[in-house]
Structures are given as structure tokens and as C-alpha cells.
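In: pasting the sequence and the predicted model now:
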Amino acid sequence: MLGGGGLVGANVYASATEDGGADSAETLSSPAGTIDCPDVGDKLTDVPEDAKEDVAKELALLDQQIADAYQRLTEAAQAIKQDPGFADNAIMKPLKEKRGATIERIAIAVDRTGDRPEGLEGLADCTLKAPEPDSGDQANGADGGDGAQDEGGDNQNGADQGGEQQGDGGQDAGNGGQAGNGPNAGDYQDIKSVQPNVQKPALSSDASRGTFATSCGVNDNGLFNSDNVIVAPGVSNGAHHFHDYIGNQSNDAFASDEDLANAETSCVNQGDKSTYYWPVIRLQNGSQEQDANSPGGGIEGNAGEIVTPKEVTLNFVGSPRSKVTEMPRLLRIITGDAKAFINGTANANASWSCTGFEDRQLKDKYPLCPQGSDVVRTFKFQSCWDGTNIDSANHRTHVAFAAADGSCANGFKAIPQLVQRIVYDVKAPSLQDGGKTTPLFAVDSFPEQLHKPVTDHGDFINVFDEKLMGEMVDCINSGRKCGVGADEGDDPGQEEPTQEPTEAPTTPPADDEPEPGDGGNEQTDPPANDDPATEAPETGKPATEKPETEAPANDEPGDDAPATDPADDDKPTMSSTVAPKSDGTPSAAAGDDQAQGGSGDDENAGGAAAQTQPPAEDTEDSLGTKPQAVGGNLAETGATTLWPAAGGAVLLIGGFVVLMRARRSAR
């Protein structure tokens, strides 16, 4: 009887300390929070040529100062517990002083031959971003809304930072993950809980409907570094996280334009020496990569096994409103924002999904894919160019996203849009035990960005030779499929997919199918025709690439296979079936500045401002106003933790019955 009573008491206490359906490990570690500093580089719109090198180095120093301060923050957790003022006095105030001096040097460098930038002084102050208690609903990975980019990244903060034990045995670290700076369970969402949300603008009669494919491998030769030659030229470890590189083989912080032009390339077509790079994805399984003790690697919170992509497709597509013009050689484009967790989502352009479900895109969550389905990252780059510059002071304003109708703003020209699709054979992590059974996966990030999926980004430098670029534009404008692995006989078109997924997300029976992320091995495959219209032909798949395994039926056609909907010979390739960033209504923050302009060439009219920020998705729930999650079953709600208590209660009642009978017998 006492044992039963003790079981009741102990178990009820344990249940009371757990947060909803979340793994109890999430309550065991102390939250560390992160550091929120204004992005100085994003505020610079005009930097004289002779000041660019100095400014780039000072901006890189600002990033290093934040990384150092974040490291001190994590190391001082015990001191902060004992003295709440320690963080402000020992970390935040010194950081402000260092930033102030660095910002002043930036202003002086610009002022030598240009106009001194205004308002930079106010960007020196940073704040300590303390996490709120983690949400049990978020932690189960199924009730995270639609993953849309909420204004200011509010959906990314406290609720996603609750500490938990994860990685290789669950280190007691405040923000979760193998290295203690994320991710945590709230950063994941079941892809089947997301309603289809991909939309596209209608095509005009002048649309350029072609597709040009290039194939540059999957980086199976292991070309990595933590540099960023676009943002931080001449600065080692300017990215503070590692990148995968394909295409140009001479890309590091010190590569000149001549180095890039003379480099070798991994692309099948040797006329493409362009550089394509993105942050690596790691499995937080306790592995120690060669960068475990290197800047940008393990010592800055990027820990675990680097995953080689299973497949990479690089397609250049046209404009729904006009013909496209040639990209200038050495044009630089960055899409997405590596600091979106802190900066907010104005420049974010992450898109996460699963094969077989690519009509459903997540912006601020990692997808939990069912068995047989692979994780997909899709980048749709800016497709409007100012007609003059190959780069800009903040690396954004020389290119822009098309408006909601697909048009470029006045003065901007439509250029071929790079659509980059990267596929990974990684399993849904076991969130209930913090990734112990099946490890967490996460994108590399700046230390203070906590591996949030919203920080995903891609970089591109155009080093196509001019003849091949001309062929690309002619191919796209004439509505053909061209390039390595493409079928030139078909018109790829850009028609709206006509076939909808055959099954809407539904709540699976508790005894029928475990939710993704529970570490189980009995997950069902995605429906065979769940999203046939949104999958790309595997164009240009290099010979060195790993063969596909466990792909859902009809999910990935072969190299020369047509799109899966036979009713329309103009069915688009992948490049036009995943939601373009021109889709949907312009964000409210843009206001009238995102008014629709004319065509993408010099025929633009209306004087609309260039849309340098990705527009919001044109879906009812793009602002997170309507939950789209599948309801949890018993195992997800935490109710299973009450069964021992119920058993104890039965034992307790039984004990009382035996005691009463014994007393009656004694009488």
C-alpha cells in the first residue's frame, strides 16, 4: 500500500513538472538565451569603392565580437545565476563599447571619400534575449502553426529556446543541441500537419517559360570553409559557420574575380564556373568532424556530422511577365538571411519541405518527414537586377524579388531566376528523447542564431562564360528545356499544377502510425501521388551522386522523365513548381513600395520601388493566423506519464480494501 501511494505521489509530481507533451528533459537545463545586436551591414546602402575593404573587415569584426560575447554568456551561466547583473556588467556593456569603436571606424572609412552614414552610432547597443518557458505544444513538433515567417521573428524566440538534453547523450545546455546552442524540439514540425500553401502568379503572354539546367554535383569531394567571399572578402571565418561549395573550386575569402574566372569547376558543363554555396546540415550525433576544434565549427557551436546532400538540382527559370536578360558576369546574389532569428524575417527566404510534400513549405521550422521521404531545402533567388551593379553595399539592393504578379520594379530587369533544390537522406529525429535515438539535424549558423531554420540562406556568384549565358537566356525566352540533363524536346512551361495532393493532412490513429519525430521505425510512406506536380525531374544528376533510395512512388522522375501529370505537356519542371518568392501578396511592411511594376525589361512602368525583401506567401495562413497542426494522440499529450500513477492508485485502493476486511475479521 505504501509502495502504491509512493508511486502515485512520485508520478504526479513528475507529471506536474513536465510542460505539456514535451519531453521532461526540456525542464532540466537552465535557459541561456542569446544576444540581439542590430545588423550594421544591412543599414549601409552606399560605401565608396576605396572604403569597401576596410568596411568589410570592420563588419566581420562586429560579427566576431558577438560570437565572443555569446561564448562568454554560455560559459558564465553559473555566475549569472548567482549575480543577475553579471551579464550586463561583464558581457553586454563591454560589447557595446567595442561595437561603438568599430562602428566609428566604419563611419570614418566611408566619410573619407563619401558621405558619412547617419544613425550608425545608435546601433552599438545590444540586448540580452532571454528565452521564455518552452511550450509543450511546440515541443512535439506537430503544433507549430504553418511555419510562416511571422513579423519580426516573434515565432522564433522564447518558445523555441527552452533548454533540453539533446545530441550525444543530452548535454545539460540551455538552448539544446549537441553544442548547447540549439536546435530544440520546438524547431521541428510534422510536414503532414501543414496545409498545401504553394501559389504562383499567372503567366502573361510575354512570359519566358523555359528552363536551363546545370549540374555541379553534391560536394562529395568535401569542399568546405567558414568564409564568405561576398560578405566578408579577405576575412577568414567571416561566416562563423561552414558552407558546402559546388561549382567553382577556388572559392574562399581571398578569391579574387580573376581567381574565380580561372578556377576549376565541378559542373558538368565547364562553361559554368559559377559558385554555389550554402550552410551545411549536420546530424547532432556526437560525431567529431575535422572542424570540431576550429573557428566556424565545433568551437562556435556547429557540431556533429556533416551530411552530404543526396541530390542537388540547379535550374534557371524565366519570368511570368516578360523575357529575361543576361546576368552580368560576377553578379553576386545572397538569398535569405543568416541572422534572421535576431534580425527578423524581412530578408528571410528559407523553404523547408519533404519529397512528396513539396506543395507544403515551412519557413521557420525543420520538417519532420515520414519514412521514405527526404528533407528538401529550396532556394528561389532574386530575379530582378538593377541593370548596373554586380553587388551593393549591403549585398541586397542591386537585386530584388519580383512583385506578387511576377513583375520587376521600374528600372529593374528580369534575369534568369536560380532555383536551387537540395535533398538530404536524413530521418525525422526522436524529439521525445532529445535526439538520442535518432539524432537531431540542423543547419550551421552564427553561434547566437541558435541553428534556427529561418536562418537558412544561399549564395551565388555568376561565372558563366558569356556564350553559355547567352544560350541560357535564349533557351528560357524561347520556352525550351536546355542544359545538362534537360529534355530540350519539351516546353517546360510555367503552368499552375492541376493535380492536387490526394490526401489532406489528417490525424492518424494513435495505434496506427507514430508521429514523425518519435524515433519509431513504423512510419508509413507518404502517399504515392501526394504531390506529383511539385517534384522536379532530376536534371543534371552527376555520375558521382549517391543513388536514390526509399523515394516515394512517383516522387522523383528520372533524368529524362516528363512531369508526372500526363495531361499537360507544358508541365513545369521543379524550378517552377515550388512556390516562387514572387508569389502571394506583398508584405504589409512594404506597403506601397511593393506596388506592381511593369514587365521585367526596360518596358517597366509605374515607378514601383524594387522589392528587395521576399514577399509573403499568398496563403490564408501565411501570417500564422490559423493553426494547421494535426491533433496529438495520447502519447503526444503527456497522458502516458499518468499510467503509473493510475496503477499506483489501484494498488492504494486495494490496500485499503484488504485492511478493512482484516479489521472486520478481527472483530
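Out: Here it is on my side, so go on.

In: pLDDT below threshold where in the stretch 351-500 of the chain?
Out: In the predicted model of the stretch 351-500 of the chain, residues 485-500 satisfy pLDDT under 70.

In: what about the strands in it?
Out: For the stretch 351-500 of the chain, the strands defined by DSSP state E, counting those that start in this stretch occupy 352-354, 366-368, 375-380, 384-385, 399-400, 413-414, 417-424, 440-443, 457-461, 481-483.

In: out of those strands, which comes closest to residue 117?
Out: The closest of the strands of the stretch 351-500 of the chain to residue 117 is strand 399-400. By Cβ to Cβ, the value is 21.4 Å. For the C-beta atoms, the positions are set from N, CA and C on the backbone; glycine is no exception.

In: for the closest one, packing partners?
Out: Here strand 399-400 touches strand 384-385, going by 3 or more Cβ pairs under 8 Å, 6 or more residues apart in numbering; DSSP states H and E.

In: wait, residue 215 touches residue 267, no?
Out: Yes. Judged on Cβ atoms under 8 Å, residue 215 makes contact with residue 267 at a distance of 6.6 Å.

In: common neighbours of the two, please.
Out: With contacts taken as Cβ atoms under 8 Å, 6 or more residues apart in numbering, residue 215 and residue 267 have residue 484 as neighbours in common.

In: re earlier: kindly reformat the strands of the stretch 351-500 of the chain as TSV containing mean neighbour count and distance to residue 127.
Out: Shown next, in TSV, are these (neighbours: other Cβ atoms under 10 Å; distance: least, Cβ to Cβ, whole Å):
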stretch	mean neighbour count	distance to residue 127
strand 352-354	27	28
strand 366-368	29	26
strand 375-380	25	30
strand 384-385	27	35
strand 399-400	25	31
strand 413-414	25	41
strand 417-424	23	34
strand 440-443	28	24
strand 457-461	24	23
strand 481-483	24	48
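
In: just send those back as TSV, with distance to residue 303 too.
Out: Below are these laid out as TSV (distance: least, Cβ to Cβ, whole Å):
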stretch	distance to residue 303
strand 352-354	21
strand 366-368	17
strand 375-380	19
strand 384-385	38
strand 399-400	34
strand 413-414	42
strand 417-424	18
strand 440-443	10
strand 457-461	20
strand 481-483	37
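
In: which one of these lies nearest to residue 307?
Out: strand 417-424 (5.5 Å).

In: show me what that closest one is packed against.
Out: strand 275-279, strand 311-317, strand 375-380, strand 457-461.

In: where do the helices sit along the stretch 351-500 of the chain?
Out: For the stretch 351-500 of the chain, the helices defined by DSSP state H, counting those that start in this stretch cover 466-477.

In: residue 37 is nearest to which of the strands of the stretch 351-500 of the chain?
Out: Residue 37 lies closest, by Cβ to Cβ, to one member of those: strand 457-461, at 18.1 Å.

In: next, the contact list for residue 107, please.
Out: Going by Cβ under 8 Å, 6+ apart, residue 107 touches 116, 117, 120, 121.

In: buried subset of these?
Out: In the contacts of residue 107, burial by neighbour count holds for 117, 120, counting by 16 or more other Cβ atoms under 10 Å.

In: now, which of the contacts of residue 107 sits nearest residue 226?
Out: Residue 226 has its nearest neighbour among the contacts of residue 107 in residue 120, at 26.4 Å by Cβ to Cβ.

In: for the closest one, which non-adjacent residue is closest in space?
Out: Once flanking residues are discounted, residue 120 sits nearest to residue 103: 5.0 Å by Cβ to Cβ, 6 or more residues apart in numbering.

In: so is that neighbour in a helix, a strand, or just coil?
Out: Look at residue 103: counting by DSSP: H, G, I helix; E, B strand; the rest coil, its state is helix.

In: any idea how far it lies from residue 304?
Out: 35 Å (Cβ to Cβ, to the nearest Å).

In: higher neighbour count, the two?
Out: residue 304 (29 against 21; other Cβ atoms under 10 Å).

In: can I assume that one is in contact with residue 286?
Out: Yes. Assessed by Cβ under 8 Å, residue 304 is found in contact with residue 286 at 7.4 Å.

In: quick revisit: can I get the helices and strands packed on strand 417-424 in JSON lines including distance to residue 408?
Out: Formatted as JSON lines, the helices and strands packed on strand 417-424 follow (distance: least, Cβ to Cβ, whole Å):
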{"stretch": "strand 275-279", "distance to residue 408": "23"}
{"stretch": "strand 311-317", "distance to residue 408": "14"}
{"stretch": "strand 375-380", "distance to residue 408": "15"}
{"stretch": "strand 457-461", "distance to residue 408": "18"}
